[in-house]
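Participant: Pasting the sequence and the predicted model now:
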Amino acid sequence: MIGSDFQIRPLDAPLGAEVIGFDARSVLTESARAELVAAWHRHSLLLFRGQELTPEEQYRFASIFGEVQHKDRYAQIGWLFISNVSLPEGAYTGFGELLLHSDSAMDAEMESGTMLYAIEVPPQGVGGDTLFSNSRLVYNTLPEGLRSKLHGLTIRHSRKHSEIEVTTEQGIQKASGGANDLRQADRPLVLRHPITGDAVLLVCRRYSTRILEVSPEESTALVQELLSYQDRDDVVYRHSWLPGDVIIWDNIGLQHARTDFDSKYRRILRRITVGSFAAMDPA
């Protein structure tokens, strides 16, 4: 068994830490497992470099951080590919730019964490990076007058709203969403994180449609004002993937996005989600 002989080094960023000297295939002691989970809650994101994981090994590793989810596309095996190429095992197409969002914000239950394992990625410097925005920090950096207006408000998230057009070498393609996907959920605009208790601003470019308690015009203006705080350098970590990278992040406390990349490069990552919360209290 592996004990707590690894190092946890905070990233030079507004969130996250790298775990050094760690093999994700290892069987961990209970104290080592607890240390990893505590570090994840503390830093919101953990990065593990140079890993070699089968789907089953990644599944076991992900289960340290919560119950692996088996729903929707995950129902049979608990994992799927984020890929811009067709794979025999089946793949969820991932191409072009993806706007900031928290996964499953429009579902009845919101996933607690997401893990990605990089199998093939574009060369450094040509795109396909993942951006992480710290929704706790975004809330804390809002002007006091703006923060005071947000409590008690409800934000609607819709899968249909997420349909965007992306220009690729093959022409205009729909990146996600669609008229037949009607999932939506209403959540507190400022919610209390169910694990850490922190106040989190839950408004995102990809899924948020409107604030329910104000007029459509007021909602549009307020949502756009809040979104302007989410992609500032002081709240964002940009990760350039290397093969063998594993990242697990807090899906409620962070939002993520993908930068555009040339579709001639293969980009294949394996994704597992853990934990879920059906209801979250307002902050």
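Facilitator: Done, it's in.
Participant: which stretches of the stretch 51-200 of the chain have low pLDDT?
Facilitator: 72-75, 88-93, 160-181 (pLDDT under 70).
Participant: Just the strands from it, written as ranges.
Facilitator: Here the stretch 51-200 of the chain has its strands, by DSSP state E, counting those that start in this stretch, at 80-83, 92-93, 98-101, 110-120, 130-134, 154-158, 165-168, 171-174, 184-188, 190-192, 199-201.
Participant: So which elements touch the third one?
Facilitator: So the one you mean is strand 98-101. Strand 98-101 sits against strand 254-258, with contacts defined as 3 or more C-beta pairs under 8 Å, 6 or more residues apart in numbering; DSSP states H and E. No exception for glycine: its C-beta is placed from N, CA and C like everyone else's.
Participant: and the angle for the helix or strand just after the strand it packs on with strand 110-120?
Facilitator: Next helix or strand after strand 254-258 toward the C-terminus (DSSP states H and E): strand 268-277. Computed by axes from the mean of the first three to the mean of the last three C-alpha atoms, to 10 degrees, the angle separating strand 268-277 from strand 110-120 equals 170 degrees.
Participant: For strand 268-277, buried residues please.
Facilitator: 268-277 (16 or more other C-beta atoms under 10 Å).
Participant: coming back round to it: quick one: which of the strands of the stretch 51-200 of the chain is nearest G50?
Facilitator: strand 110-120 (10.6 Å; C-beta to C-beta).
Participant: quick one: I20 from V27, how far?
Facilitator: 19 Å (C-beta to C-beta, to the nearest Å).
Participant: Look at the two and report which has more neighbours.
Facilitator: I20 (13 against 9; other C-beta atoms under 10 Å).
Participant: Please look at the more buried one and F6 and confirm they touch.
Facilitator: Yes - using C-beta atoms under 8 Å, I20 is in contact with F6, at 6.3 Å.
Participant: quick check, L222 in a helix?
Facilitator: Yes - counting by DSSP: H, G, I helix; E, B strand; the rest coil, L222 is part of a helix.
Participant: Looks like it contacts S215 (just checking).
Facilitator: No - if you go by C-beta under 8 Å, L222 and S215 don't touch, sitting 10.2 Å apart.
Participant: So the two - more neighbours on which side?
Facilitator: With neighbours defined as other C-beta under 10 Å, L222 and S215 compare such that L222 has more, 20 against 10.
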